[in-house]
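> here you go, sequence then predicted model.
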Amino acid sequence: MRWIFFVTVIFISLVLSVSPLVPVMFPEDIERTSSPNYLIFTKGIANIKRVKNHIQECLDKKNEEGGEAQENKEQLNNFLSTLKELEVILVYQNYLIAKNNYIEAKEKSLRREPSPVDVNSAYREYESAKLYLERMIEQYPESLNIIGSIPK
């Protein structure tokens, strides 16, 4: 019984002493959802969509009622276009942050600091943000006036 305990303690101490040298043994999982930039992005997009839905409901009710809806409709349409521009700006900002994170992870990988999993994760985030931005540009072509040109 003592020998089993002794071997177990020795084995655990060896694993713990070697683990800082081999980062793959105990990887630090950094979740994407814990990033403050990601939280700000998701909450911003959710708030924009909530306000946009509320405005759309107001437009639908005004159309059903008829009457003086024309004046308010123009004002609400201007507000909707402003919200769309704000959404495009948030998506573009998320794209730039993801691109910067990927470049940093790639540079660190050249110095052998992060694991390949971190680089792949940053690349997936970058590609996801780029795809989302491209879809926003397809839906709202006027957004090219805001952000300049299509990112590459």
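It's in.
> now the helices for the chain?
Assigned by DSSP state H, the helices in the chain fall at 2-18, 36-65, 69-110, 116-139, 144-147.
> got those helices as CSV, with mean pLDDT and mean neighbour count columns?
(Each C-beta comes from the backbone N, C-alpha and C, glycine too.) What follows is these, written out as CSV (pLDDT from 0 to 100; neighbours: other CB atoms under 10 Å):
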stretch, mean pLDDT, mean neighbour count
helix 2-18, 77, 10
helix 36-65, 74, 13
helix 69-110, 77, 16
helix 116-139, 83, 16
helix 144-147, 70, 14
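> where does T33 land on pLDDT?
We have a pLDDT of 48 for T33.
> swap in G67?
pLDDT, read off for G67, is 56.
> and what of K152?
As predicted, K152 sits at a pLDDT of 57.
> likewise S143?
At S143, pLDDT is 72.
> quick check: closest non-adjacent residue to it.
Excluding its sequence neighbours, the residue lying closest to S143 (CB to CB, 6 or more residues apart in numbering) is V88, at 4.0 Å.
> so the one you found touches Y140, yeah?
Yes - assessed by CB atoms under 8 Å, V88 is found in contact with Y140 at 6.2 Å.
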